[in-house]
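Colleague: this one's structure only:
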């Protein structure tokens, strides 16, 4: 039966519940985890976290209530969090967020290059910027002008609006 999702910081039995959500994403494959994008553009995650797919800087399994996703460059315990999300996507063991500025961050499993930072090793437990096409690690250019994101099992898709110079 459906149950209400606890608010961040709550433990069962919860007295406060998640609210203000404008989008959700979930993956029920091997790495079952969920994401919520709130109306204030913050990102929350919960569920399996064996390879950091929750994005809170840990690999604690499982996260039974939502936690805030860390900002890029943070390490657990994070003091800064994502606050500019416009879309979210959940892969098998990784997560993505499209930022309002049209850039993309990813975190979680990376054995197949899922996080897009030019590597195929070491899961990313906090978000990293996704490299531009043709870049290799360490990337100096990153995806931008992204309009939409999608995550598959071990891959991702983005729709990019080509940049047109003003005449």
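Modeller: It's in. Everything numeric in this text was worked out from a predicted model, so none of it was measured. Numbering: from 1, shown residues only.

Colleague: ok, residue 68 touching residue 8?
Modeller: Yes: Residue 68 is in contact with residue 8 according to CB atoms under 8 Å; the separation is 6.1 Å. For glycine as for every other residue, the C-beta is placed from the backbone atoms N, C-alpha and C.

Colleague: higher neighbour count, those two?
Modeller: With neighbours defined as other CB atoms under 10 Å, residue 68 and residue 8 compare such that residue 68 has more, 20 against 16.

Colleague: and the pLDDT for the more buried one?
Modeller: According to the prediction, residue 68 has pLDDT 97.

Colleague: for the closest residue to it other than its chain neighbours, grab the count of nearby residues.
Modeller: The shortest distance from residue 68 to any non-neighbouring residue, by CB to CB, 6 or more residues apart in numbering, is to residue 81 (4.3 Å). For residue 81, the neighbour count with other CB under 10 Å is 17.

Colleague: about what we covered before: what residues are shared contacts of residue 68 and residue 8?
Modeller: By CB atoms under 8 Å, 6 or more residues apart in numbering, residue 68 and residue 8 have these common neighbours: residue 44.

Colleague: all strands for the chain, in order.
Modeller: Using DSSP state E, the strands of the chain run over 21-27, 33-38, 43-47, 63-68, 85-90, 94-99, 104-108, 124-129, 146-151, 156-160.

Colleague: distance to residue 117 for the ones you listed - can I get that in TSV?
Modeller: TSV is the format used below for the strands of the chain (distance: least, CB to CB, whole Å):
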stretch	distance to residue 117
strand 21-27	20
strand 33-38	19
strand 43-47	18
strand 63-68	21
strand 85-90	16
strand 94-99	11
strand 104-108	8
strand 124-129	5
strand 146-151	15
strand 156-160	12
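
Colleague: residues in contact with residue 48?
Modeller: 31-33, 61-62, 93.

Colleague: turn those residues into a markdown table, including distance to residue 15.
Modeller: Shown next, in a markdown table, are the contacts of residue 48 (distance: CB to CB, whole Å):
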| residue | distance to residue 15 |
| --- | --- |
| 31 | 29 |
| 32 | 25 |
| 33 | 24 |
| 61 | 25 |
| 62 | 21 |
| 93 | 32 |
